[in-house]
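K.L.:
return a 3D structure for these sequence lines:
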Amino acid sequence: MTNYEKIQKANPQLTIYQVGDEQFRDYGVVYKQFDLTEINDYMVRMAVTAANQYVPKNPIIEQMSVIHEISRDVFGGMALSAGQCVGHCDAFSAIEFHQGSEVNITFSDVIMVLGKRRDLRNYEFHAVDDAQIFYIPQGTVFEMFSDTLHYSPIEVTLAGFKAVVVVLNGTNESLPSSFKTHNPMLVKKNKFQLAHATRTDKVKTGILPGVKGPLVQVRPIQD
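P.N.:
The predicted structure is shown next:
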């Protein structure tokens, strides 16, 4: 039994698509031309943290050839930020989007819960009704379009997850203290986010509890 079959069996309440299924075309595209040898050698030595850790900019990753190729072929030569997202996550507890696509590279099997910005109304998104769930295997390079709502990768196995996140340079970095905006979803540079009410840590910082309905949770499988 494959990990996809195992994770679907462990979560019969969820419909989990594969990244190669037709449904994914609404949210992004998979790239198969990139050589991941160099970046894989680096990521395989990186430990999975106990919590969910995201580093927007890792200078070692940013100088790797695959990041330069993604800049050239996916982002048309734009400057990029690239860093690791590793750890543990079993729930779709927030949504976010950016102006500009995001590319992820997976170094473990992951689950991504994805939605569309058109279904975001009055700063609310109903994940159970409007999101779709995808299994993405280790070694996948995939783009999520600018209007695709997403959040952290979710672990498939109890060992956790590893991924690299590639975005337009500056995205997800802190805003200066003097920055003022009328957009209540803006939480960091080019990062527009809503949280589920269960994420009291986020709500306490002022992030709107706009992810409505039951929390989408995924039961991971044994490694």
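K.L.:
which residues does Val103 contact?
P.N.:
31, 70, 74, 141-144, 165-167 (C-beta atoms under 8 Å, 6 or more residues apart in numbering). Where C-beta positions appear, they are placed from N, C-alpha and C, glycine not excepted.
K.L.:
quick one: these as TSV, columns for secondary structure and neighbour count too.
P.N.:
Supplementary listing: those in TSV, determined by DSSP: H, G, I helix; E, B strand; the rest coil; neighbours: other C-beta atoms under 10 Å:
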residue	secondary structure	neighbour count
Tyr31	strand	16
Ile70	helix	21
Val74	coil	17
Val141	strand	22
Phe142	strand	19
Glu143	strand	19
Met144	strand	21
Val165	strand	22
Val166	strand	24
Val167	strand	26
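K.L.:
ok, so of these, who is nearest Lys212?
P.N.:
Lys212 lies nearest to Met144 out of the contacts of Val103, by C-beta to C-beta, at 21.6 Å.
K.L.:
before we move on, the earlier item: and the contacts of Val103, which is closest to Asp119?
P.N.:
Using C-beta to C-beta, these come closest to Asp119 at Met144, 15.1 Å.
K.L.:
Val216 is in contact with Asp130, isn't it?
P.N.:
No. Contact between Val216 and Asp130 fails when scored by C-beta atoms under 8 Å: they sit 11.0 Å apart.
K.L.:
out of these two, which sits in the busier spot?
P.N.:
Val216 (21 against 17; other C-beta atoms under 10 Å).
K.L.:
what sits closest to that one if chain neighbours are left out?
P.N.:
Nearest residue to Val216, sequence neighbours excluded (C-beta to C-beta, 6 or more residues apart in numbering): Phe92, at 4.0 Å.
K.L.:
distance of that neighbour from Tyr42?
P.N.:
28 Å (C-beta to C-beta, to the nearest Å).
K.L.:
of these two, who's got more company?
P.N.:
Here Phe92 and Tyr42 are compared on neighbour count by other C-beta under 10 Å; more neighbours surround Phe92, at 26 against 15.
K.L.:
show me the contacts for that one.
P.N.:
113, 127, 131, 151, 154, 196, 211, 215-217.
K.L.:
just the buried members of those residues?
P.N.:
In terms of neighbour count (16 or more other C-beta atoms under 10 Å), the buried residues within the contacts of Phe92 are 113, 127, 131, 151, 154, 196, 211, 216.
K.L.:
could you dump the residues you listed into CSV and include distance to Ala79, pLDDT and secondary structure?
P.N.:
Below are the buried ones among the contacts of Phe92 laid out as CSV (distance: C-beta to C-beta, whole Å; pLDDT from 0 to 100; DSSP: H, G, I helix; E, B strand; the rest coil):
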residue, distance to Ala79, pLDDT, secondary structure
Val113, 29, 99, strand
Ala127, 32, 96, helix
Ala131, 31, 98, coil
Tyr151, 24, 98, coil
Ile154, 29, 99, strand
His196, 33, 98, strand
Val211, 31, 98, strand
Val216, 34, 97, strand
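K.L.:
of these, which is the nearest to Lys57?
P.N.:
Looking across the buried ones among the contacts of Phe92 and measuring by C-beta to C-beta, the closest to Lys57 is Tyr151, at 19.4 Å.
K.L.:
which non-adjacent residue is nearest the closest one?
P.N.:
In space, Tyr151 is closest to Ala94, 4.9 Å off (C-beta to C-beta, 6+ apart).
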